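[1] Below: sequence and its predicted model.
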Amino acid sequence: MTSRLRNFLLAGTGAATLAATAMPGAAIAQDQPLVIARNLEINSLDPHRAFCDTCQIYLSSTYQGLVKLAADDRSVEPLLATEWTTNEDQTQFTFTLDPDAVFSDGSPVEAKDVKWTFERLKNIQADPSFMMNGLASIETPDDKTVVVNMENPNSEFIGILAAPYVGIINSDVAMENGATAGEDASSADQAETWFLANSAGSGPYVLDTYRPDDELRFRVNENYWGDAPPITDIVIDQVADAVSQAQMLQSGGADIAMQVDPDTASTINSPDITIETVPSYNFIYVMFSPGAQGGEMLDLEVRQALAYAIDYQGAIDFTVGGEGELQAAPIPNGFPGTEGLPMPEENLEKARELLASKGLEDGFTLDITVAQLNVYGVDLTLLMQKLQQDLARINVTINIQPVASAVWREQIANPGIPFSARFYAPDYFGSAQYVQFFGMLADTYWERNASGQGKVDLVNDRETELFQQALAASGDKMNELYHEIAMEMIKDRIIVPVVSPNLILAYRNEIEGVRYSACCNLPLAELSRK
Amino acid sequence: MSTYILRRLIAMPLLLLGVITVAFLLTYFTAADPLTSIIGERQMNNPAVVEAARERWGLDRSLPERYVIYLGNLLQGDMGTSFRTRQPVSQDLMVRLPATLELVIAAMILGTTFGVVLGVLAARFRDGPIDNIARFFALVGASAPVFWSGLLVLFIFSVQLGWLPGPGRIDSRAIAPPFLTGFYTIDTLAAGDWAGFRSVLMQLILPASVLGWTVTGIVSRMVRASMLDVLGQEYILAARAKGAGPLRVLIHHALRNAMLPTLTILGFSFAYLITGAILTETIFSWPGIGSYAVAAARGLDNPAIVGVTIVGGAAFLITNLLTDIAYALVDPRVKLSRQEGA
């Protein structure tokens, strides 16, 4: 070996050693930041303009609502409000605030902050503003009492208040930085840029830094009025794809990977990593639009026939390797009213019979578009290809054209898409949001789109009537009413859920407290290191 | 020469205006309403929300009105606000451009160094094992898709061997340096953060190597071909006859002349890599301008699309000019002809 070559090799070994020492170590010190690998896709950090999955994690960690969703993902618990009462007809809600609650700047959480927050959410006219639909007035008889009056009964209001988007904002700080809650808030509010660099809540963490498409960094709220969270610094690191997330987890660069799909998870065989599969409240559905251009033949019987021709279990196996659940109605399993609903059934004989009764035994052709998206581990184009094969069995030909999601959203409204696939994730725990979005009530998103903006009458009066009753009911009665609504939605055969993909939680063994929450995705304050 | 440069510099704003106009018009005529990237599905049926969004983002104005307002704002350095990040586009670009430049410069340094060395060796040992290895290396570098090679090197060097870190510009547990230039290598040094500097260098190795591999492939083949051509020239024979050593002939006489066509390729490669580093940035979670452009296009983020187009256009114009200048500096004949032309 020449001396030059030997020197080169020695230099190489030195570089490798230097590299190894620079690597994130196998044992991470307790005070080191916890790293979560995730595709951020944040649309805003302003609590009243933000509307995304990562936003739910962020907002539920930096802000607090009057109530919170309990760990059972069903019931609500006190948070900023120690107690609340509701009047008989579900139109008035009275809250008593915790006297110890303070914002991250140390100032107390007061009734004026609650009033300001709710009014801003309503008036800013952004994505989560629907949560304050029907808000009539707010009274603040004293600093610690808030009375919310609704125009109409809303039994879901307490559930809505557990949503991360309804976290209470420090109104003084926000107003100093351009925020306003007035009726002209949609144009006068100038605080969004400020909210991208600052938080103004009372949650266990505060925003440290946010760099779009790079990282979202939290640090512990020094003035937190509850039990201090075990981890002081948390970073959500932008990692777009599942494979890179898994690689980062295996190399120790990340402690938790949030969007690992079943295929990728099956390739992880490190003894240092825990992989848990849990049911989610997200679901992928197909929809039929008889009012869309080219969808004229899709009357109720034909929609029923197509729904019967779908191999649901096969679709789950094909898209998420069996890691998913069947779902009966466009209300996720486990939400109010879903217990005991009949699961979708594949029945080719019935499908053929129904088509024959309409003189369509020779089938027909549908030209459709689908958004090029991989969401919750499901590639929508692949799903449609699977359904294409299923429907071919009853002589229905589907011509699929994948398009950008934005284009799909334009087309679904005009000229409409007769048959396609989409996804939904809960904004809070409660069934009303699904009825308001998927139900065949006048002017809901899907009533408008499926009917071709009113070309076909799809409004289900029974559903409308039941929904009004459900909003005015509570407890078991409310559950029964949502059950009836869900049955009506199944009968509509406009929205047909295909799969509720399971969620894969992949994390390093030393991390504890990783769980999926229906409102908040991943509750950061519950995380700790062994 | 100076007249030529001046003329090119004067033409540049006009060319950029053309680029801006075309980009602006194209975003207007896309198949979808940009509102779909601003408002979620649920609220698209709510006229009050739709109207508020149109007004807030200026989408209620006519195209000429928007164009004039945009140009007016642009003259003041305001490129609008991104629909997606909700931050000023100029601010987004100020952060992302240095990230991409840092990656591309590192890739160019690695790619060019290896490319020239491989090319010279391949020419010197023509048709021998070194030439064949260089050919294979160049072929793989030029043809291997980055989404494959990127994931592969990450798997080998980060996951399996643990020698190099995974995706990102700096260790996720470390804090990014205070913004000075946006180049993390410079900013960590300026902050006296040696651990940060080491982390940044380690993070650069894999993405720069993957991105630079393409350049290595192209440069090595170009240098080899040019070297073979030059080595057959009479002046090389003359140099040898005068007693110049093999290394001097190879480097001083042959390589310098063989570098001329390579310079053109390098200039274009640099501009190409700035806008073409998209896949590398995605695989390595590198928050640069490439991934920004893709996200902007996917999300119909029109202000960001136009902003990136302006930066891309400017990058091509500037590197083109610099290439021409470098060309003239290296080759006296070009210098003369430019002067005459001017």
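    Ah, there it is. Residues are numbered from 1 along each chain as shown, chains lettered A, B, ... in the order given.
[2] got any ranges where the chain has weak pLDDT?
    By default, I'm working from chain A. For chain A, applying pLDDT under 70 flags the ranges A:1-30.
[3] wrong one, chain B
    Across chain B, the ranges flagged by pLDDT under 70 are B:1, B:31, B:275-276, B:330-342.
[4] center of it, which residue is that?
    Residue closest to the mean C-alpha point of chain B, counted by C-alpha atoms, centre = their mean, is B:I274 at 1.6 Å.
[5] What about the nearest residue to A:Y224 once chain neighbours are set aside, how many residues nearby?
    Computed as C-beta to C-beta, 6 or more residues apart in numbering or on different chains, the closest residue to A:Y224 that is not its neighbour in sequence is A:P204, at 5.1 Å. From N, CA and C alone the C-beta is placed, and that goes for glycine too. Per other C-beta atoms under 10 Å in any protein chain shown, the neighbour tally for A:P204 reads 24.
[6] again, but for A:L326
    Neighbour tally, A:L326, other C-beta under 10 Å: 17.
[7] quick one: the helices in the stretch 201-342 of chain B?
    B:234-241, B:246-248, B:256-276, B:278-283, B:289-298, B:302-330, B:332-341 (DSSP state H, counting those that start in this stretch).
[8] so who does the residue in the stretch 201-342 of chain B positioned nearest to chain A touch?
    Closest residue of the stretch 201-342 of chain B to chain A, C-beta to the nearest C-beta: B:P287 (4.0 Å). By C-beta atoms under 8 Å, 6 or more residues apart in numbering or on different chains, B:P287 lies in contact with A:R211, A:P212, A:D213, A:D214, A:Q238, B:V95, B:R96, B:A99, B:R169, B:E281.
[9] got TSV for those, with secondary structure too?
    Output for the contacts of B:P287, formatted as TSV (DSSP: H, G, I helix; E, B strand; the rest coil):
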residue	secondary structure
A:R211	strand
A:P212	coil
A:D213	coil
A:D214	coil
A:Q238	strand
B:V95	helix
B:R96	helix
B:A99	helix
B:R169	coil
B:E281	helix
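[10] Tell me the one of those nearest A:A257?
    Proximity of those to A:A257 (C-beta to C-beta) peaks at A:Q238, which lies at 12.6 Å.
[11] follow-up on the earlier one: the residue nearest to the centre of chain B against B:G313, yeah?
    No: look at B:I274 against B:G313 with C-beta atoms under 8 Å: they stay out of range, at 11.1 Å.
[12] ok, which stretches of the stretch 51-200 of chain B are helices?
    Counting by DSSP H, counting those that start in this stretch, the helices of the stretch 51-200 of chain B are B:63-75, B:89-124, B:129-143, B:146-153, B:184-190, B:194-231.
[13] what are the C-alpha coordinates of the shortest one, in CSV please?
    In this case it means helix B:184-190. Provided in CSV are the C-alpha atoms of helix B:184-190 (Å, rounded to 0.1, in the frame of the first residue of the first chain):
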residue,chain,number,x,y,z
TYR,B,184,-26.5,27.5,6.8
THR,B,185,-22.8,26.8,6.4
ILE,B,186,-22.0,30.5,6.5
ASP,B,187,-24.6,31.4,9.2
THR,B,188,-23.5,28.7,11.6
LEU,B,189,-19.9,29.9,11.2
ALA,B,190,-20.9,33.5,11.6
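[14] Which element, helix or strand, includes the nearest residue to A:T381 once chain neighbours are set aside?
    With sequence-adjacent residues excluded and distances taken as C-beta to C-beta, 6+ apart, A:T381 is closest to A:P402, at 4.7 Å. For A:P402, the host element (DSSP states H and E) is strand A:396-403.
[15] mind putting the helices of the stretch 201-342 of chain B in CSV, distance to A:V407 included?
    Formatted as CSV, these follow (distance: least, C-beta to C-beta, whole Å):
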stretch, distance to A:V407
helix B:234-241, 59
helix B:246-248, 60
helix B:256-276, 23
helix B:278-283, 20
helix B:289-298, 11
helix B:302-330, 14
helix B:332-341, 48
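[16] Let's have those in CSV, adding distance to chain A.
    As requested, these are exported to CSV (distance: least, C-beta to the nearest C-beta, whole Å):
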stretch, distance to chain A
helix B:234-241, 26
helix B:246-248, 15
helix B:256-276, 17
helix B:278-283, 6
helix B:289-298, 6
helix B:302-330, 10
helix B:332-341, 37
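[17] Minimum distance to B:D78: which of the ones you listed has it?
    helix B:302-330 (9.9 Å).
[18] What's the end-to-end length of stretch A:485-502?
    Chord length of stretch A:485-502, first to last residue, is 25 Å (C-alpha to C-alpha, to the nearest Å).
[19] mind checking how far that stretch is from the chain centre?
    The chain centroid and the centroid of stretch A:485-502 are separated by 18 Å, computed with C-alpha atoms, centre = their mean, to the nearest Å.
[20] Give the buried residues for that stretch.
    Buried residues in stretch A:485-502, counted by 16 or more other C-beta atoms under 10 Å in any protein chain shown: A:485-490, A:492-502.
[21] What about chain B: which of those residues touch it?
    Here nothing survives when the buried residues of stretch A:485-502 are matched to chain B using C-beta under 8 Å from any C-beta of the partner chain.
[22] got a list of what the residue nearest to A:T381 touches?
    By C-beta under 8 Å, 6+ apart, the contact list for A:P402 reads A:T369, A:V370, A:A371, A:Q372, A:T381.
[23] Also B:L9?
    Contacts of B:L9 were listed using C-beta under 8 Å, 6+ apart, and they are B:L321.
[24] Compute the inter-axis angle for the strand or helix carrying it and helix B:63-75.
    For B:L9, the enclosing helix or strand under DSSP H and E is helix B:2-28. Per axes from the mean of the first three to the mean of the last three C-alpha atoms, to 10 degrees, the angle that helix B:2-28 makes with helix B:63-75 is 140 degrees.
[25] Pull out the buried residues from helix B:2-28.
    Taking 16+ other C-beta under 10 Å as the criterion, helix B:2-28 shows B:Y4, B:R8, B:M12, B:L16, B:V19, B:I20, B:A23, B:F24, B:T27 as buried.
[26] measure the closest residue in space to B:L71 that isn't next to it in sequence to chain A for me?
    Residue nearest to B:L71 in three dimensions, not counting chain neighbours: B:I20, with 7.5 Å by C-beta to C-beta, 6+ apart. B:I20 sits at a distance of 23 Å from chain A (criterion: C-beta to the nearest C-beta, to the nearest Å).
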